[in-house]
Structures are given as structure tokens and as C-alpha cells.
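**Q** this one's sequence-less:
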């Protein structure tokens, strides 16, 4: 599992297919909150688990495709 401290604000989150999922707003425990001001997220905050992250470099790379991540993320209330 990836160390959550590697995940920094404003990093782009991409699916395993290389497609844009969102941008990191911040990490809350074992979840990543994606930025609200992102067209891909429909201008809403979404949460994804850190366990979906395969690795981090200049991007946060998920082990799921963009469509899989979008189908499974949760909207922040």
C-alpha cells in the first residue's frame, strides 16, 4: 500500500488507463478527497480510498480505470 504522506494537494489523479480522474484536494485518513473545482468531478467533492492507489510520482496512479473509479467513488455530503 502507498504511504498517504506521498499524496500531495493538487496532484492529478489518473486511472490505470491513463485518463484524468480528478485532482487531490487533501487526504483524510485513508481517503483522498478530490477537488471540487474539477470538471471531471462535476464540481463536487468525491472521496476515493488510498487503497486504490498503485503508486505516486508526478501523478497519483490508481489501480482502477477512470470509469471504474467514477462508478465506485463516493460523493462528499
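**A** Arrived safely. As the structure is a computational prediction, the values presented were derived from the model and not from experiment.
**Q** Same question for the host helix or strand of residue 48: list its buried residues.
**A** Assigned by DSSP states H and E, residue 48 falls within strand 46-49. Residues of strand 46-49 classed as buried by neighbour count (16 or more other C-beta atoms under 10 Å): 46, 48. All C-beta atoms are positioned from the backbone trio N, CA, C, and that covers glycine.
**Q** what's the answer for stretch 22-30, then?
**A** Of the residues in stretch 22-30, those scored as buried under the neighbour-count criterion (16+ other C-beta under 10 Å) are 22-25, 27.
**Q** quick revisit: beyond the strand holding residue 48, next helix or strand please.
**A** Secondary structure here is assigned by DSSP H and E; on that basis, the next helix or strand after strand 46-49 toward the C-terminus is strand 53-56.
**Q** So which other helices or strands are in contact with that following strand?
**A** Helices and strands touching strand 53-56, as assessed by 3 or more C-beta pairs under 8 Å, 6 or more residues apart in numbering; DSSP states H and E, comprise strand 59-62.
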